[in-house]
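Engineer: Here's a sequence, model it:
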Amino acid sequence: AGGDGGSPVPAAPGRVQVFATVVDTFLEKLVAAGSYQRFANCYRGFYKLQPEMTRSIYDQFISQLQASIKEEIQEVKDEGNLEMLFNSLDKIVEEAKNREEPAWRPSGIPEEDVRSAMVPYLLKHRSYLRKVLKEKEEENKKVAESVLAGRERIAELQRLIQARKHAWQ
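Structural biologist: Numbers count the residues shown, from 1 in each chain. You can find the predicted model right below:
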């Protein structure tokens with residue numbers, strides 16, 4: 001698969017994964033900042049009397065702190081529906097990669113912004129309407145020709161009837 005384009009390029013991690021990594025990194029740095037040595041220095045007197053108990057209390061404190069932070073972050077993710085929003089944002093970004101025109105940005109002047117957004121749409125719609133109008137005009141022309149041909153046929157039949165009626169009398 002060396003350079004033939006057949007091997008897929010690994011996809012960049014999604015925002016959900018990035019967010020989880022940021023949270024994990026934050027927790028690691030928090031634990032590193034609140035090292036056992038600092039904890040023991042804060043409670044030096046207790047540490048000198050019972051170092052094993054101090055270590056146990058520190059371990060429980062760090063464990064509870066991490067669990068509490070993870071729980072709070074999970075609540076924020078659930079309440080804000082962050083996972084769905086992150087996935088939606090990933091999808092929008094992925095779709096935007098295939099766009100040829102740049103994304104729209106406001107100019108700060110509402111009238112110009114509306115005009116710049118609406119004019120291309122209205123021009124496209126006008127083009128579509130002209131195409132439909134042309135098709136309808138062609139269709140109407142064919143129907144009108146058909147109607148005229150039918151009228152001519154009726155007039156011809158009426159003349160034929162009159163001629164036979166005249167001949168019969």
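
Engineer: Could you list the domains of this structure?
Structural biologist: For the chain, the TED database gives the domain ranges 15-96, 119-168.

Engineer: Point out the most buried one among those.
Structural biologist: Greatest average neighbour count among these goes to domain 15-96 (a mean of 12), per mean count of other CB atoms under 10 Å. In this view, the C-beta of every residue, glycine as well, is placed from N, C-alpha and C.

Engineer: Determine how far that one lies from the middle of the whole chain.
Structural biologist: Taking CA atoms, centre = their mean, to the nearest Å, the mean C-alpha location of domain 15-96 is offset from the chain mean by 31 Å.

Engineer: Show the end-to-end separation of it, please.
Structural biologist: End-to-end distance for domain 15-96: 16 Å, by CA to CA, to the nearest Å.

Engineer: In this structure, where is pLDDT below threshold?
Structural biologist: The chain contains residues with pLDDT under 70 at 1-12, 104.

Engineer: Could you measure from the most centrally placed residue in it over to Leu85?
Structural biologist: Against the mean C-alpha coordinate of the chain, by CA atoms, centre = their mean, the closest residue is Ile92 at 3.4 Å. Distance of Ile92 to Leu85, computed by CB to CB, to the nearest Å: 10 Å.

Engineer: Then Glu137?
Structural biologist: In this view, Glu137 and Leu85 are 49 Å apart by CB to CB.

Engineer: mind listing what Val114 touches?
Structural biologist: Shown in contact with Val114 (CB atoms under 8 Å, 6 or more residues apart in numbering): no residues.
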